[in-house]
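> Just the structure for this:
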Amino acid sequence: MEFQQQNLSILMLPWLAEGHISPYLQLAKKLSARNFIIYFCLTPINLDSIRKSGNVQVEPSSIQLIYLHLPSPSQLPPQHHTTRSLPPHLFPFLIPAFDAAKPNFSNILSTFKPNLVIYDFLQPWAAAAANEQDVESVMFLTTGADGISSAVHYFKNPNVEHSIQEAELKKYLLQWFGGIENGVRNKDRFLECLERSSNMVLINTSRMIEAQYIDYVSVLMGKQTVPVGPLVQECGNREEDVHIMEWLGKKEPGSVVLVSFRSDLFISKEDMEEIAMRLELSKICFIWAVRFQGGYNTALLEGFSKRFEERGLMVQRWVPQAKILSHSSIGGFVSHCGWNSTLEGIINGVPIIAMPIKNDQPFNAKVVTELQKWWEMQLAPKEKK
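Predicted structure coming up:
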């Protein structure tokens with residue numbers, strides 16, 4: 001209560017990906033509701049997208065959107081200062097450009113003088129800049145505790161036995177943190193971010209879902225790991241989504257499967273065709289949020305849409321995933337198991353068909369499997385009666 005009365009201010013700096021921005025924004029809203037003043041700091045391309053979406057009120061409000069301008073090398077103009085629709089060959093330029101924004105970030109700190117900085121997993125320089133101005137900083141992890149505990153264990157104790165010694169999971173872990181950007185390994189960035197976090201680390205999960213993994217992160221880091229989730233995107237009302245919800249409203253309860261992958265994840269043509277064939281053979285109703293990778297989208301859409309038009313809805317744009325999953329007509333969710341999507345499925349009690357592709361997704365799929373086994377064990381005694 002003392003903090004609320006003082007109206008302390010917090011500067012938040014997420015990584016430049018939608019999957020990170022969304023939980024940071026939800027946390028900002030929770031903190032704002034408790035009378036904290038929030039400075040939400042991001043590149044213009046990302047903040048403009050937030051403004052257009054109506055996810056926060058424009059200033060003046062308790063959440064103020066602050067532009068962080070990145071230096072713009074010729075290879076990376078400002079419209080690409082985000083992972084959204086970023087061509088893969090430009091990604092190596094994004095982290096160095098983000099690193100180079102430290103002086104601008106320091107100026108923002110000097111101007112707004114926050115009481116606390118909350119930062120993400122790839123920018124240890126944000127915590128360093130805060131420390132230079134005697135501002136406390138805390139890391140907020142937007143991924144699940146299983147993947148994080150596995151990563152920290154492997155990086156700190158590579159010779160100690162752990163489930164990630166399974167070759168397949170280890171491969172994804174190395175892919176997740178294996179890059180070297182601006183001469184610094186991503187795993188070293190991640191570990192430095194954890195080390196610099198003051199006294200605690202925040203994480204978007206809950207003890208009901210991942211208690212043992214949360215505790216293990218605390219043991220590994222020697223500091224408290226505080227679950228602040230599950231934080232998922234709020235269900236807004238957009239005019240362009242009315243058709244989807246009306247279509248869902250005409251279906252029987254539990255009769256529709258949602259097929260949706262994350263906004264910056266491209267699926268190959270071959271995998272798209274495989275998914276389409278399986279949906280066709282299943283004869284179930286479905287919503288498929290489609291995102292094609294250059295050149296073949298029109299032909300695929302036309303062919304599939306004609307065959308599926310009676311029982312399927314194909315949408316070639318962002319869809320309100322959380323809102324769709326909360327609808328009573330949804331009975332299943334085919335997902336890549338990004339952490340935000342995983343949480344949305346779990347919260348709404350929708351069975352998840354996991355198709356993990358990279359990074360933390362296989363670890364999240366493992367959590368889904370563990371929860372499913374637990375749920376089946378809870379139901380088994382009741383079914384015997």
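> I346 reaches E370, doesn't it?
No - I346 lies out of contact with E370 (Cβ atoms under 8 Å); the separation is 11.3 Å. For the C-beta atoms, the positions are set from N, CA and C on the backbone; glycine is no exception.
> okay, these two: which has more neighbours?
I346 (20 against 14; other Cβ atoms under 10 Å).
> Check which element follows the helix or strand hosting the more buried one along the chain.
Element membership for I346 (DSSP states H and E) is helix 339-347. Next in sequence after helix 339-347, counting helices and strands by DSSP H and E, comes strand 352-354.
> Which of the helices or strands spans the nearest residue to F177 once chain neighbours are set aside?
In space, and not counting its chain neighbours, F177 is closest to K187: 4.0 Å by Cβ to Cβ, 6 or more residues apart in numbering. Using DSSP H and E, K187 falls within helix 186-196.
> What of C41?
strand 37-42.
> need the helices for the stretch 201-350 of the chain, in chain order.
Secondary structure of the stretch 201-350 of the chain by DSSP state H, counting those that start in this stretch: the helices cover 207-221, 242-249, 269-282, 297-308, 321-325, 339-347.
> and those as CSV, adding mean pLDDT?
Shown next, in CSV, are the helices of the stretch 201-350 of the chain (pLDDT from 0 to 100):
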stretch, mean pLDDT
helix 207-221, 95
helix 242-249, 93
helix 269-282, 83
helix 297-308, 65
helix 321-325, 94
helix 339-347, 96
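> Can you get me a residue count around the residue nearest to F177?
K187: 19 neighbours (other Cβ under 10 Å).
> Ends of stretch 73-90, what's the gap?
This stretch, stretch 73-90, spans 11 Å end to end (Cα to Cα, to the nearest Å).
> Tell me where the stretch 1-150 of the chain has helices.
Remark: helices assigned in the stretch 1-150 of the chain by DSSP H, counting those that start in this stretch are 2-6, 18-33, 44-53, 91-99, 102-112, 124-132, 145-156.
> Would you mind finding the most buried of these?
helix 145-156 (a mean of 23; mean count of other Cβ atoms under 10 Å).
> and that helix, what's its mean pLDDT?
In this model, helix 145-156 has a mean pLDDT of 92.
> and the next element down the chain from that helix?
helix 167-177.
> buried residues in that next one?
By 16 or more other Cβ atoms under 10 Å, the buried positions in helix 167-177 come out as 169-170, 172-173, 176-177.
> how does the protein divide into domains?
What automatic domain parsing lists as the domains of the chain is 8-227, 239-384.
> would you list those in CSV and tack on distance to Q233?
As requested, those are arranged in CSV below (distance: least, Cβ to Cβ, whole Å):
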stretch, distance to Q233
domain 8-227, 5
domain 239-384, 5
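> Go through those and find the least confident stretch.
domain 239-384 (a mean of 83).
> And stretch 80-91, end to end?
Start-to-end, stretch 80-91 (Cα to Cα) is 9 Å.
> Need the contact partners of it.
16-18, 43-46, 49, 70, 72, 75-76, 94, 97, 263-264 (Cβ atoms under 8 Å, 6 or more residues apart in numbering).
> now do stretch 100-108
Contacts for stretch 100-108 (Cβ under 8 Å, 6+ apart): 11, 13, 39, 41, 66, 68-71, 125-126, 128-129, 132-133.
> ok, so of the residues you listed, who is nearest L116?
For the contacts of stretch 100-108, the residue nearest L116 by Cβ to Cβ is L11; the value is 7.3 Å.
> looking at it, G331 is touching G254, isn't it?
Yes - using Cβ under 8 Å, G331 makes contact with G254 at a distance of 3.5 Å.
> Who has more neighbours out of the two?
The residue with more neighbours, out of G331 and G254, is G331; 17 against 13, by other Cβ under 10 Å.
> check contacts around the residue lying closest to E192 once chain neighbours are set aside.
Of all residues not flanking E192 in the chain, P124 sits nearest, at 4.0 Å (Cβ to Cβ, 6+ apart). Residues near P124 by Cβ under 8 Å, 6+ apart: 189, 192-193, 196.
> Perfect, I'm done here.
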